[in-house]
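In: Let me see the structure of the following:
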Amino acid sequence: MKVKFVIRALATRKQSIWIVGDCPQLGNWKFSNRIPLHSDGSGDGIWWCLVSSETGKTVHYRYLMCEELDGDKSVSVLRAWESGIEPRVFHPPDGPGILEVTQDDGTLNFDVAVSQVCVENATIDKGHLTGQTVVRLCFHNGLSYPIKLWAMGDEEMQQMSVKVMANYISAKDQVLPPPTVVVKVLSRSDCKFVDKQPPNGLSLGCREDEMLFFETETFHSDRLMFKILLFSTEKSNSNGPLGFSWLVPEQMKGSSGVVTVPLLGSSSAEPIGSMSVDFLKIMSFHHTNLDLSQPNRRYWNRHQKPLDIGHRGMGMSLSLDKFNKISTIPENTIHSLVSAGEHGADYIEFDVQLSCDKSLVVFHDLMVTFRLMGRENDELETLKLKVKDLTSEQLPKLKVGPDPVAVEGVPSKHLQFFPKLVEVFQMVPEHVGFYLDIKYTEPDLEDSESDFPYFDRNEYADLILDTLFSHAGSRPIVLASFDADMCTMLHLKQPRYSVLYLTCGVNDMWPVYRNVCQRTFDSSIAFAKSEQLLGISALSSLLLTDPSESKKILDSGLILFAWGDDNNEAGNIAKLKDAGVHAVVYDRIAELKAPV
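Out: Numbers count the residues shown, from 1 in each chain. Sure thing, here's the model as predicted:
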């Protein structure tokens, strides 16, 4: 039997409509095996395809919108797709002798995803990366104003605007059209997307909570370069820009960094100052289990009860919380994580980072303090090292914290710090969800010890996702990080796992971070919405002190988790849940979890 799938969807000249589903004829949910729909080019938006179908077999499927990139009509990327939890269903008709049937699916509007609007429990989502690389430049005033002009004072220098154009280094065998540059302006309260850059560029401003992003997608990141034009917002630009800079591939080594380039005068081509710009490259992730069958990254069941999440399993054991309590089970160990699930945790929260041999291990701090064998002056000698400088075999041998108390029936290995992430997947029952805090160095304005060279972001993110797609099965998983770039990466690389932005807002307990997205809840909300993340995980002390903060986050449409020592009190847990918080992370779940 032949089935004619028909859909009405508007698309530009470079866009096309495809279909993918759960049978070989529809690609077995693989993007690379998707089936193209045809259009007669009349502009009526009718797309169709004819495929074979097994008699009597129900078919599940979704429609996709793809788009040409780099001027190559033979290669397209996923621009938007139907991402509802329940896919479309085709039930073949009963009866003998049916040779062809039409499945008319009406009208589909992909504009919701393409316009980059965050929609609650969206059924249309932007596509993840399917082979291309995203390259993003960012200007901000996190540490200091990014422009230095030697002949100008500070006040005059901060009246500047920039325009960014992308192009490719010429190659004899291939001429590529200039890639499109997408611009967004992120401020304390909003994120605005700019369809077209003004002739004299966009103002850099001088507010500390503003960020200016220029982004493009390409299959040829090794040849991509940027020309950055500098204009004055106070003076006439009739003679063109004040100056310009070039950013070439050799300057953008690795996945991310900050590059300072010379500014050349437009008329003299002599150096007149310098410009600092952050860059981020996000590369596609590939895995045999990555497909379009489970699009969960922007879905949350808002009708379910608020979740109870076991902090580091059964709670902190290496330091007292604000209520002077501590877990008797070593934190972030197999025994602690398993025990939290046994005591009713819906999810368990734990911290993931990389060892020297590129193994994913579970431990909270990027620096580990451990005991030495000897004593001096009757005081215990300790030493502090970076976790990343030790192998996954060395780390569990360190004497961290008090010696664990043996537990009958529990292997001693399950009481050791630094279990591997793969071991956690193997030992914790699959019905218990995982809430993974992905650690990364986060520089702050005080230049703390957490600011040191770390692993390449793409390599790190890919190792995490490879482990999830290999071992997660049907386990519910939420990813989170204080590192904004890591959140963006984890979200764009795959369609299955939700990502939250971890934030501490404005408080006296934590340093002021260089990344302005961390500095207020407003900035964190704007960032999470602009990247279409599921939500944010916020410091609970601020939510409890000012309940309007919770309302503001929830009113934005984002999912809200709450973390922090204040959660380690039953009354505060109840207050947060009553305020609409979707999940509360806390210690000692056996003691504090309310009975069902």
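In: would you list every one of the helices in the protein?
Out: 111-114, 154-157, 334-342, 421-427, 457-471, 484-492, 521-530, 540-545, 547-555, 570-578, 589-592 (DSSP state H).
In: could you measure the residue nearest in space to the middle of the chain against residue 365, distance?
Out: The chain has residue 487 as the residue nearest its centroid, 2.4 Å off, counting by Cα atoms, centre = their mean. The gap separating residue 487 from residue 365 is 20 Å, by Cβ to Cβ, to the nearest Å. Using the backbone N, CA and C atoms, a C-beta is placed for each residue, glycine as well.
In: now residue 124
Out: The separation that residue 124 has from residue 365, given Cβ to Cβ, amounts to 41 Å.
In: between these two, which one's more packed in?
Out: Set side by side, residue 124 and residue 365 show more neighbours around residue 124, with 21 against 16, by other Cβ atoms under 10 Å.
In: The helices of the chain into JSON lines, with extra columns for mean pLDDT and distance to residue 89?
Out: As requested, those are exported to JSON lines (pLDDT from 0 to 100; distance: least, Cβ to Cβ, whole Å):
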{"stretch": "helix 111-114", "mean pLDDT": "60", "distance to residue 89": "22"}
{"stretch": "helix 154-157", "mean pLDDT": "69", "distance to residue 89": "61"}
{"stretch": "helix 334-342", "mean pLDDT": "97", "distance to residue 89": "34"}
{"stretch": "helix 421-427", "mean pLDDT": "98", "distance to residue 89": "32"}
{"stretch": "helix 457-471", "mean pLDDT": "98", "distance to residue 89": "26"}
{"stretch": "helix 484-492", "mean pLDDT": "97", "distance to residue 89": "28"}
{"stretch": "helix 521-530", "mean pLDDT": "92", "distance to residue 89": "32"}
{"stretch": "helix 540-545", "mean pLDDT": "95", "distance to residue 89": "41"}
{"stretch": "helix 547-555", "mean pLDDT": "95", "distance to residue 89": "33"}
{"stretch": "helix 570-578", "mean pLDDT": "97", "distance to residue 89": "36"}
{"stretch": "helix 589-592", "mean pLDDT": "94", "distance to residue 89": "39"}
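In: Indicate which one of the ones you listed is closest to residue 71.
Out: helix 111-114 (19.6 Å; Cβ to Cβ).
In: From residue 167, how far out is residue 492?
Out: From residue 492 to residue 167 the distance is 23 Å (Cβ to Cβ).
In: the more surrounded of the two?
Out: Between residue 492 and residue 167, counted using other Cβ under 10 Å, the more crowded position is residue 492 (22 against 15).
In: so who does that one touch?
Out: Neighbouring residues of residue 492 by Cβ atoms under 8 Å, 6 or more residues apart in numbering: 128, 129, 134, 282.
In: quick one: which of those residues is nearest to residue 470?
Out: Taking Cβ to Cβ as the measure, residue 470 sits nearest to residue 128 out of the contacts of residue 492, at 17.8 Å.
In: Residue 497 is in contact with the closest one, correct?
Out: No. Using Cβ atoms under 8 Å, residue 128 is not in contact with residue 497; the gap is 10.7 Å.
In: returning to that earlier point: now the helices of the chain in CSV, with distance to residue 187?
Out: Converted to CSV, the helices of the chain look like this (distance: least, Cβ to Cβ, whole Å):
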stretch, distance to residue 187
helix 111-114, 23
helix 154-157, 21
helix 334-342, 39
helix 421-427, 37
helix 457-471, 25
helix 484-492, 15
helix 521-530, 7
helix 540-545, 20
helix 547-555, 15
helix 570-578, 28
helix 589-592, 38
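In: In TSV: the contacts of residue 492, plus pLDDT and neighbour count.
Out: Shown next, in TSV, are the contacts of residue 492 (pLDDT from 0 to 100; neighbours: other Cβ atoms under 10 Å):
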residue	pLDDT	neighbour count
128	96	21
129	98	20
134	98	20
282	98	26
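In: among the helices of the chain, which is nearest residue 224?
Out: Once these are compared by Cβ to Cβ, helix 457-471 is nearest, at 15.6 Å.
In: helices or strands up against the closest one?
Out: When contacts are defined as 3 or more Cβ pairs under 8 Å, 6 or more residues apart in numbering; DSSP states H and E, helix 457-471 sits against strand 271-282, strand 347-354, strand 360-362, helix 421-427, helix 484-492.
In: residues in contact with it?
Out: With Cβ under 8 Å, 6+ apart as the test, helix 457-471 has contacts from 254-256, 280-283, 285, 287-290, 352, 354, 358, 360, 421-422, 425-426, 436, 438, 440, 454, 477, 479, 485-486, 489-490, 493-494, 496-497.
In: Show me which of the residues you listed are buried.
Out: Neighbour-count burial within the contacts of helix 457-471 applies to 255-256, 280-283, 285, 290, 352, 354, 360, 421, 425, 436, 438, 440, 454, 477, 479, 485-486, 489-490, 493-494, 496-497; the criterion is 16 or more other Cβ atoms under 10 Å.
In: So, low pLDDT: which residues of the stretch 251-400 of the chain?
Out: By pLDDT under 70, the low-scoring segments of the stretch 251-400 of the chain are 373-380.
In: For it, which segments are assigned as strands?
Out: For the stretch 251-400 of the chain, the strands defined by DSSP state E, counting those that start in this stretch occupy 256-265, 271-282, 307-311, 347-354, 360-362, 367-376, 379-386.
In: who does the third one pair up with?
Out: It stands for strand 307-311. Paired neighbours of strand 307-311 in the sheet (DSSP bridges): strand 347-354 (parallel), strand 583-586 (parallel).
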